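Q: Model the following, please.
(one chain, ligands or ions: 1)
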Amino acid sequence: MESAYCRYVVPADGNAIMIGAAMSPPGEERRPHVHEAAGVPAEIEQELDRSFELVLTPDGADGIVVTPAVRVDAAYLRAAGPQLRIVANYAVGIDNIDLGAARSSGIVVTNTPGVLTNATAEHAIGLILALLRRICEGDRSLRRRDHWEWGPDFMVGESLEGKELLVVGPGRIGRTVARLAEALGARPVFAGRDDDLRALLASADVVSLHCPLTPETRHLIDAQALAAMKPTAVVVNTARGQVVDEQALVTALRAGALAGAALDVYEFEPVVSEELLALDNVVLTPHIASATRETRLAMGMLCVDALRAVLLEGRTPPNTV
Ligand code: GLV
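A: Predicted structure coming up:
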């Protein structure tokens, strides 16, 4: 149905209604204009190119592909123009998009759920193990050519086996992290919206964050939450940077009130707090939890399919937010 050009309206409830379909061979009519706000893999670019006219700016675009690094607010949508019908977020988290503004302009917003669950969970487990087993610290030490020799007490870490893993946010990714951690002998515990987080934090050894960023979860891990944790506990964040009060985290780590942190996301991304860089008991990655080749292609295809659904077929994509 790639060559079917349809007209439709999207009312506030987000359900597209087709009001007419013009079936013209491609080339005879203007192909919908799509803007990519960030570089996408070549395979995805080719797919977009098969169906759309790729344009360099959002101004005048019918569809836009954005990433978590692009803030899509009312001003952005206004600047793009009234012809804009869909914003496809190349991510599952949609905190970068003002959904109210999009909805009131009848703009469909889609995300990429499901296809990044395993990759993100794998990365969270990787961060947990790297932190507990001091893998990055050992790597840095060798690269500095520090003197070393095998010793019973040399660079001793902690095992994940037997530890209580608190999964904050029992969604797809959180549940997968719990399953993988359980296979490694950890005891997963879940903290959902209605649970007493402070009480659960008090007994956790590893706290792994998997909740979306919302007004309720912003600074969920603040100075008080950190103070509730055991000094031997660690925090792992593959969700969104703003779920953690980064300054409070730095203070807790420097005071020895927390044993370590492993972070893929940052409160002021792409800026990473200078103090974190100086701490050896901190593992840092640059927001790459979903960054496997397969996953990034699958995410891209969800964006392409959503753009085709809205701009060519007059359908509401299943991954509409
Ligand atoms: C990445 O951060 C995502 O939300 O998919």
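Q: Correct me if wrong: residue 161 contacts residue 186.
A: Yes - using Cβ atoms under 8 Å, residue 161 and residue 186 qualify as a contacting pair, with a distance of 6.8 Å. For glycine as for every other residue, the C-beta is placed from the backbone atoms N, C-alpha and C.
Q: The two: who's more crowded?
A: Neighbour tally, residue 161 and residue 186, criterion other Cβ atoms under 10 Å: the higher count belongs to residue 186, 23 against 11.
Q: Which stretches in the stretch 201-321 of the chain count as strands?
A: Assigned by DSSP state E, counting those that start in this stretch, the stretch 201-321 of the chain shows strands spanning 206-209, 234-237, 260-263, 282-284.
Q: Figure out which of those strands is closest to the ligand.
A: Among the strands of the stretch 201-321 of the chain, strand 234-237 comes nearest to the ligand, with 11.2 Å by Cβ to the nearest ligand atom.
Q: contact partners of the closest one?
A: Contact with strand 234-237 is made by 124, 127-128, 131-132, 205-209, 221, 226, 229, 243-244, 249, 258-265, as judged by Cβ atoms under 8 Å, 6 or more residues apart in numbering.
Q: do the same with stretch 136-151
A: By Cβ under 8 Å, 6+ apart, stretch 136-151 touches 130, 154, 155, 280, 281, 283.
Q: In ChimeraX, select just the buried ones from these.
A: Buried residues among those (16 or more other Cβ atoms under 10 Å), as a ChimeraX selection:
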select :130,283
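Q: what's the closest of the contacts of stretch 136-151 to residue 297?
A: residue 130 (25.7 Å; Cβ to Cβ).
Q: burial measure for the residue in the stretch 201-321 of the chain that the ligand sits nearest to, as a count.
A: Closest residue of the stretch 201-321 of the chain to the ligand, Cβ to the nearest ligand atom: residue 290 (5.1 Å). Residues lying near residue 290 (other Cβ under 10 Å) number 25.
Q: Also residue 60?
A: With other Cβ under 10 Å as criterion, residue 60 counts 12.
Q: Ok, residue 38 next?
A: Residue 38 has 11 nearby residues by other Cβ under 10 Å.
Q: now do residue 287
A: 19.
Q: contacting residues for it?
A: By Cβ under 8 Å, 6+ apart, the neighbours of residue 287 are 68, 264, 265, 266, 269, 270.
Q: from the residues you listed, which are also near the ligand?
A: residue 68 (Cβ under 6 Å from any ligand atom).
Q: Most neighbours of all the contacts of residue 287, which one?
A: Going by other Cβ under 10 Å, residue 264 tops the contacts of residue 287 with 25 neighbours.
Q: Would you enumerate the residues in contact with that residue?
A: So residue 264 contacts 123, 124, 127, 237, 238, 285, 286, 287, 288, 289 (Cβ under 8 Å, 6+ apart).
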